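Q: need a 3D model of the sequence below.
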Amino acid sequence: MVQHDPCPSHETIFQQLHHVGKGASVCTALHSQSGFVGSNSEIRTQRWWRLHELLGEEASFTTKYDSGSPEAEFQWLNETVPLQEFGLRRNLFGFMTRHHPKPDRAALDLAKRTHKQLYDVFLPISDPDPPWLGLGDPKRFKAGSLPTMNACRHIMMMVFLMHLIPEDERRAGLRVLEVGGGYGNMARMALLAGAETVNVRRWTVFDMRQSGLVQEWFLRNTLHHGTRSRDVATSSANVTIRSTREIASSSGADISAFFESVVEPQVTLVDTSHFHSWAAAAFHMAPSAPVDGRLIAIGTHSWSELPWETFCQYFNAIAGRATYILYATQRHWPSTALVNRKLAMFRTMYEPLLEVQTEHGATLNVVFLLKGLSGA
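A: Coordinates of the predicted model:
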């Protein structure tokens, strides 16, 4: 068995980053991938994710400005950031949003050619209007304007997945488990699409603490408040939004009660600390639980970027329970060998229904179906 270096301490990590000095922004640290040292790509990936964990533990968020004190200058990994400004703070959170206002026309074209009807449903609801979290320019939101780059790719991936799920299954009800949810936009799109297109009963996101805070704020504002998106009115969705931060203690009884209490349709935001304790995952995805709709797993980049051991923890919890899996991965990061090793793991239990390379071949999008169910 290959022995990996233990996760280094907070101070040690920054000493191991080239060209990143004390007081540098989180963005500089997180995006200095070539600056990580380690004997192999797996060790470098572990250190990358250790930085993410540290950010989740130490970054704080607010929902509004405090008029009594100006925004403090960035100090190490701790800064109070108004959520209204989240998308504009690429120096801190670019790794979570991959935000760019320029449309991805190739992604839109792929979605339209794949399934025109689903494309027509998702296009007008792909970006919220007004653009919450600072994700987009309000001046661009007008009839006929194209979505932001993020939204274009969300449309494409949703169409890739949903057109392969038979219509009667989509309407009967789906349970979705998302490994890494970005800022919550794919969940928002699916829930606003309507039960005639996608009948979402439960949408569960496993993510880092700071991501869950952003997702909760974003979804409460865009699902519970009626909006207009490119002159298309959307009524507020009657969706229950819950977060594991509501759990009173770490006792098994409290965790069990949280996951067993469901008011459909429901979005459940799970801090990864609960996943790694295995208790929450076991309660929520137990095979003996009543089956009330297909379980769909989504991992668009976040799952693929995890170190091998963590990737396998998610795979072991999900594989066999999920009927369909939407998976997107960079082709050569953190290493081509690791990317291919993860794809090979999926193929042990799943067959690919669709494989499409996008972003000039840099990204591979795959929809997997559990083996033995083709033609079911």
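
Q: please, where are all the helices along the stretch 51-200 of the chain?
A: 90-97, 105-114, 116-122, 149-162, 167-172, 185-193 (DSSP state H, counting those that start in this stretch).

Q: got phi/psi on residue 147?
A: phi -70, psi 170 (degrees, to the nearest 10).

Q: in contact with the residue lying closest to it once chain neighbours are set aside, which residues?
A: Using C-beta to C-beta, 6 or more residues apart in numbering and skipping residues adjacent in sequence, the residue nearest residue 147 is residue 126, 4.4 Å away. For the C-beta atoms, the positions are set from N, CA and C on the backbone; glycine is no exception. Residue 126 makes contacts with 147, 151, 152, 154, 155, 185, 189, 229, as judged by C-beta atoms under 8 Å, 6 or more residues apart in numbering.

Q: so where's the stretch 101-250 of the chain shaky on pLDDT?
A: Applying pLDDT under 70 to the stretch 101-250 of the chain flags the ranges 101, 136-144, 225-237.

Q: switch the cut-off to 80
A: Low-confidence segments of the stretch 101-250 of the chain (pLDDT under 80): 101, 129-145, 209-210, 224-237, 248-250.

Q: circling back: how about the helices of the stretch 51-200 of the chain in CSV, adding mean neighbour count and distance to residue 202?
A: Formatted as CSV, those follow (neighbours: other C-beta atoms under 10 Å; distance: least, C-beta to C-beta, whole Å):
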stretch, mean neighbour count, distance to residue 202
helix 90-97, 19, 23
helix 105-114, 17, 25
helix 116-122, 18, 20
helix 149-162, 25, 16
helix 167-172, 14, 14
helix 185-193, 25, 10
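
Q: in a markdown table, list those along with distance to residue 250.
A: Formatted as a markdown table, the helices of the stretch 51-200 of the chain follow (distance: least, C-beta to C-beta, whole Å):
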| stretch | distance to residue 250 |
| --- | --- |
| helix 90-97 | 26 |
| helix 105-114 | 41 |
| helix 116-122 | 39 |
| helix 149-162 | 34 |
| helix 167-172 | 36 |
| helix 185-193 | 26 |
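
Q: all helices for the stretch 201-350 of the chain, in order.
A: Going by DSSP H, counting those that start in this stretch, the stretch 201-350 of the chain shows helices at 209-223, 252-260, 272-276, 279-285, 302-305, 308-318, 336-347.

Q: out of those helices, nearest to residue 106?
A: helix 302-305 (20.4 Å; C-beta to C-beta).

Q: quick check: mean pLDDT across the closest one?
A: Averaged across helix 302-305, pLDDT comes to 90.

Q: export it as PDB, just CAs?
A: Presented in PDB, the C-alpha positions along helix 302-305 are these (Å, rounded to 0.1, in the frame of the first residue of the first chain):
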ATOM      1  CA  SER A 302     -16.000  18.500  -6.900                       C
ATOM      2  CA  TRP A 303     -16.100  14.700  -6.700                       C
ATOM      3  CA  SER A 304     -13.400  14.300  -9.300                       C
ATOM      4  CA  GLU A 305     -11.100  16.700  -7.500                       C
END
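
Q: noted, bye for now.
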